[in-house]
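Participant: Sharing a model that was predicted from the sequence below.
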Amino acid sequence: MNALSRRRNAASEPKPQDHDFNKVLRFCAFRPRNRFEVEKKMVQMGLCESIRKKYMAKLLKEKIIQDEEYLRAYIRGKVFKNRWGRLKIAHQLRQEGFSPRTVAKAFRENVEEEEYEQVARLVLNMRKKYLMSKGFDAEDLRIRCFNYMIAKGYEPSLVERLCCELRREASS
């Protein structure tokens, strides 16, 4: 085998790094990802820091990782599917390295205040019906609903207002 054919064979064989990068690409293709998730995945794969930086730069340059798209999908999914409140969502996103200002801006851009309140009202009504079926009295019901909504990440002022509306509806 001459030197030219050896070079051709070496060039056509995939490098281990190409395999690793393809693995990262597949990870990013599944759903929108942020830098924190991708970095964590590369650490799990056992990639050294220099390769991780190189891959991250390439992913950002090719716009495979887009934090704005990730924030949009994450926030809308948590509000409308999981029915989480703003505080819980913000806490989770801060854990992933997003600044409070970025999270607040993304929330304003992706969820209308009326939609958010409608979801909160729905969650509260569902919880109230569940607790009523268990036979709780009015005061215990109010306290349990309030605590449940706070645990879901809704703001205390919003929860208090919705609970008052619920109480007024029940008394009329």
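Facilitator: That came through, no problem.

Participant: Show me the residue at the heart of the protein, geometrically.
Facilitator: Nearest to the mean C-alpha position of the chain, by CA atoms, centre = their mean, lies residue 74 at 3.5 Å.

Participant: In contact with that residue, which residues?
Facilitator: Contact analysis of residue 74 by CB atoms under 8 Å, 6 or more residues apart in numbering lists 32, 89, 93. Yep, even glycine has a C-beta here, placed from its N, CA and C like the rest.

Participant: So for stretch 153-165, mean pLDDT?
Facilitator: Throughout stretch 153-165, pLDDT has a mean value of 93.

Participant: Show me which residues of that stretch are buried.
Facilitator: By neighbour count on 16 or more other CB atoms under 10 Å, the buried set for stretch 153-165 is 153-154, 158-159, 162-163.

Participant: Any chance of CSV for these, columns secondary structure and distance to residue 98?
Facilitator: Shown next, in CSV, are the buried residues of stretch 153-165 (DSSP: H, G, I helix; E, B strand; the rest coil; distance: CB to CB, whole Å):
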residue, secondary structure, distance to residue 98
153, coil, 16
154, coil, 20
158, helix, 22
159, helix, 24
162, helix, 27
163, helix, 30
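
Participant: one step back: distance check, the residue nearest to the centre of the chain against residue 118.
Facilitator: Look at residue 74 and residue 118: by CB to CB, to the nearest Å, they are 20 Å apart.

Participant: In this structure residue 71 contacts residue 104, no?
Facilitator: No - the pair residue 71 and residue 104 fails to qualify as a contact (CB atoms under 8 Å) at a distance of 10.8 Å.

Participant: Could you chop the protein up by domain?
Facilitator: The chain breaks down into these domains under automatic domain parsing: 3-61, 67-110, 113-171.

Participant: Now do the first one, average pLDDT.
Facilitator: It refers to domain 3-61. On average, domain 3-61 scores 79.

Participant: Kindly report the same for the shortest one.
Facilitator: Computed over domain 67-110, the mean pLDDT rounds to 94.

Participant: nearest to residue 168, of the contacts of residue 74?
Facilitator: Closest to residue 168 out of these is residue 89 (28.6 Å), distances taken as CB to CB.

Participant: how close does residue 132 sit to residue 154?
Facilitator: For residue 132, the distance to residue 154 - CB to CB - is 20 Å.

Participant: Skipping its backbone neighbours, what lies nearest residue 116 in space?
Facilitator: Spatial nearest neighbour of residue 116, excluding adjacent residues (CB to CB, 6 or more residues apart in numbering): residue 79 at 6.5 Å.
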